[in-house]
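>>> Need coordinates for the below:
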Amino acid sequence: MDKTDKRILNLLQQDSNLSTAEIAEQVGLSTTPCWRRIQNLEKRGIIRRRVALLDRSRINLGVDVFVAIKTRHHNAAWLDEFARTVSSFSEVVEFYRMSGDIDYLMRVVVPDIPAYDRFYKRLIEKVDIQDVSSSFAMEQIKYTTALPVDYA
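Here you go, the predicted structure:
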């Protein structure tokens, strides 16, 4: 991947609705070579998909909850069931297996604390968990979906 590909990726991360002609102009290419580069980035799986970013406040999803989970189960069967269960909850927008003191971390997006409580009750009903610790974000200081492609 060269500098031009990285510039294309940065532009698409900022606005995936840009036309190929607009992107080409900004990176100094004609339309056809720019289109080929974008197609190649998609074929290689670097561009996985293009999505719409929603304004959370306008759809009543203003609360971020970071949920740290510890478990006493460390086997493949439990992990498969846990991952399947957690992935089925639309409120969970990020989910990670961690190193260190906690085993799993998820970011849950809900309208309010009572909605989180309902989520929590559904979660513990379906999965055997040793410890759950929830932290509510007070303020979102930085949020981006754009990845730093300079490292690629």
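>>> switch to C-alpha atoms for all contacts and neighbour counts from now on
Fine.
>>> Compute the mean per-residue pLDDT across the helix or strand harbouring residue 40, please.
Assigned by DSSP states H and E, residue 40 belongs to helix 31-43. For helix 31-43, the mean pLDDT works out to 98.
>>> Likewise for stretch 49-63?
Stretch 49-63 carries an average pLDDT of 94.
>>> how about it: buried residues?
residue 63 (16 or more other CA atoms under 10 Å).
>>> burial measure for the residue lying closest to residue 101 once chain neighbours are set aside, as a count.
Spatial nearest neighbour of residue 101, excluding adjacent residues (CA to CA, 6 or more residues apart in numbering): residue 70 at 8.0 Å. Using other CA atoms under 10 Å, residue 70 has 16 other residues around it.
>>> Test my guess that residue 70 contacts residue 127.
No. If you go by CA atoms under 8 Å, residue 70 and residue 127 don't touch, sitting 11.8 Å apart.
>>> hang on, the earlier thing: which residues sit in contact with the residue nearest to residue 101?
101, 102, 103, 104, 129, 130, 131, 132 (CA atoms under 8 Å, 6 or more residues apart in numbering).
>>> residue ranges for the strands of this structure, please.
Counting by DSSP state E, the chain has these strands, from start to end: 63-70, 92-97, 104-110, 131-136.
>>> just the angle between the first one and strand 131-136, please?
For strand 63-70 and strand 131-136, the angle between their directions (axes from the mean of the first three to the mean of the last three CA atoms, to 10 degrees) works out to 160 degrees.
>>> Start the count at 27 instead of 1 going forward.
In the new count, where the first residue is 27, that last one comes out as strand 89-96.
>>> Strand 89-96 relative to strand 130-136, how many degrees between them?
If you take the same axes, to 10 degrees, strand 89-96 sits at 160 degrees to strand 130-136.
>>> Could you pull up the residues touching the most far-flung residue of the chain relative to its centre?
Each residue of the chain has a distance to the centre, and by CA atoms, centre = their mean the biggest one is for residue 56: 32.8 Å. With contact set as CA under 8 Å, 6+ apart, residue 56 has these partners: 47, 50.
>>> Just give me the neighbour total for the residue nearest to residue 178 when sequence neighbours are not counted.
In this structure, residue 178 finds its nearest non-sequential neighbour in residue 27, 7.4 Å apart by CA to CA, 6+ apart. By the criterion of other CA under 10 Å, residue 27 has 9 neighbours.
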